[in-house]
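S.K.: with the input below, show me the fold.
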Amino acid sequence: MGQQSFLPEIDRKLTQAAVEAALEKYRIFKYMTFEAREASTTAGYTERFHGPTNQTSDQTASIAIYNADQEIYRQDYCDRVERAVKRMPRMERFLIEARYMTTEHDYITDQKVYSFEFKPPISAPKYIEIRWRAFYKLALDLRIVVEKPSEA
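M.R.: Residues are numbered from 1 along each chain as shown. Model (predicted):
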């Protein structure tokens, strides 16, 4: 009989994919400009075949609310990810910032980070271990941990 744990078992692949998706969302929010919506100036007519005609809408107000809320949401999300990364130990923080939180993300590989960015360079298995610990902490902090289904 194995030791029973009250902690759920984590699905590493799905958790890693969730963290990478969260970091991709961070880069999009941080480095891509937000296109504010604008009100349409052309009249829109719809035929109402025995439908309600007492519905009104305030297009300008809903657009203004969306623009303000979306900008705040993007800023809050970026701040939350940055705070989570800043609380990590130095090696994990450096790995996440060098590999995932840069504008050059598409051109930086894991091999480049562990061979050239780390001073002194580290081995691939050590890099994978540090990356998993960083992903685990980020997943917990951002509440995106994916648990394995229970076999009860």
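
S.K.: output the contacting helices and strands for the host helix or strand of residue 95.
M.R.: Element membership for residue 95 (DSSP states H and E) is helix 90-99. Helix 90-99 sits against helix 59-86, helix 124-142, with contacts defined as 3 or more Cβ pairs under 8 Å, 6 or more residues apart in numbering; DSSP states H and E. Glycine gets a C-beta too; all of them are placed from N, C-alpha and C.

S.K.: mind listing what's buried in the last one?
M.R.: Buried residues in helix 124-142, counting neighbours by 16 or more other Cβ atoms under 10 Å, are found at 127, 130-131, 134-139, 141-142.

S.K.: contacts for that helix, please.
M.R.: 10, 12, 15-16, 18-19, 22-23, 80-81, 84-85, 87-88, 91-93, 95-96, 99, 110-111, 113-114, 118, 122, 145-146 (Cβ atoms under 8 Å, 6 or more residues apart in numbering).

S.K.: what is the neighbour count of the residue nearest to residue 66 when sequence neighbours are not counted?
M.R.: In space, and not counting its chain neighbours, residue 66 is closest to residue 37: 5.9 Å by Cβ to Cβ, 6 or more residues apart in numbering. By the criterion of other Cβ atoms under 10 Å, residue 37 has 13 neighbours.
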